[in-house]
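Novice: What shape does this take:
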Amino acid sequence: MSQSSASSAVLPQSLGLADPRLYLATAAMVLGNLALPWAVHRIPQGGQMLLPILFFTLIAGWRFGLKAGLLTGLLSPLANHLLTGMPPTPVLPGLLLSSALLGVLAGLAGGRRATVAVLALVVLAHQALTLSPLLAHGAGAMLAGFRFHLPGVLLMILGGRAVLGTLGRRPAATHEG
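Specialist: This is a model prediction of the structure:
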C-alpha cells in the first residue's frame, strides 16, 4: 500500500456535496435527532439536561464529515421545531447556532479514531463555547450550566463512542464534491 493510500485509509475525506450518501446520512441523523429528543422529553427537564438533539449531530459530523455535521446541526432543530414546537421559538436561534457549531467541531475532528478522550475534547470545547456567555454572570453561572448539562455531555461522549464504534470509519469522498 502506498503512503498516500495508507494515509487516506486512516483519514478519509468527508462526503462531497454531489454525493447522495451525504443527504442519506444527513436524513438518517436528523431522524435520530427527532426520535431521541421525543423519547427524552418524557423525563422532566430531560431535553435541557441530556441535550438529545445534539447527539446525532455529533455522530453525523464525526462519521460523515463537516458538511453532514453542519447540515444535521441546522436541520435537526428546524425539523423538531416545525414538527413538535420544540425547541420554542425564542430558543431556536441559539440552539441552531449551538447545534451547527457541534456539527462543525465534530466534522473537523472526525478523521481521527473516536476515542473517549478525543470525543471528550470536542464535546467539552462545544460546551465551553456555548456556555461562555454565562461568564457575564460569573464563573459560578457557567459552572452551574455545565453541571446541569453533565449527563448530556457524558451521553454524547460515551454513547457517541459506542455508536461510532459500531459505524466504523468515514466513507471516502467521491471526487465530484
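Novice: Would you quantify the distance from the most centrally placed residue in the chain to G73?
Specialist: Nearest residue to the geometric centre of the chain (C-alpha atoms, centre = their mean): L58, 2.2 Å. L58 sits 9 Å away from G73, going by C-beta to C-beta, to the nearest Å. In this view, the C-beta of every residue, glycine as well, is placed from N, C-alpha and C.
Novice: what's the burial count for L83?
Specialist: Neighbour count of L83, defined by other C-beta atoms under 10 Å: 10.
Novice: who's in contact with it?
Specialist: L83 is in contact with L34, counting by C-beta atoms under 8 Å, 6 or more residues apart in numbering.
Novice: show me where pLDDT drops low in the protein?
Specialist: For the chain, residues meeting the criterion pLDDT under 70 lie at 1-13, 169-177.
Novice: Could you pick out the longest helix of it?
Specialist: For the chain, the helix with the greatest residue count under DSSP state H is helix 20-40.
Novice: which helices and strands does that helix pack with?
Specialist: For helix 20-40, the packing partners by 3 or more C-beta pairs under 8 Å, 6 or more residues apart in numbering; DSSP states H and E come out as helix 46-50, helix 52-64, helix 66-84.
Novice: Check which helices and strands the second one sits against.
Specialist: Going back to what we said before, that points to helix 52-64. By 3+ C-beta pairs under 8 Å, 6+ apart, helix 52-64 packs against helix 20-40, helix 66-84, helix 92-109, helix 116-131, helix 160-167.
Novice: change it to 6 Å
Specialist: On a contact count with 3 or more C-beta pairs under 6 Å, 6 or more residues apart in numbering; DSSP states H and E, helix 52-64 meets helix 20-40, helix 66-84, helix 92-109, helix 160-167.
Novice: Next: the shortest one.
Specialist: With contacts taken as 3+ C-beta pairs under 6 Å, 6+ apart, helix 46-50 sits against helix 20-40, helix 139-154.
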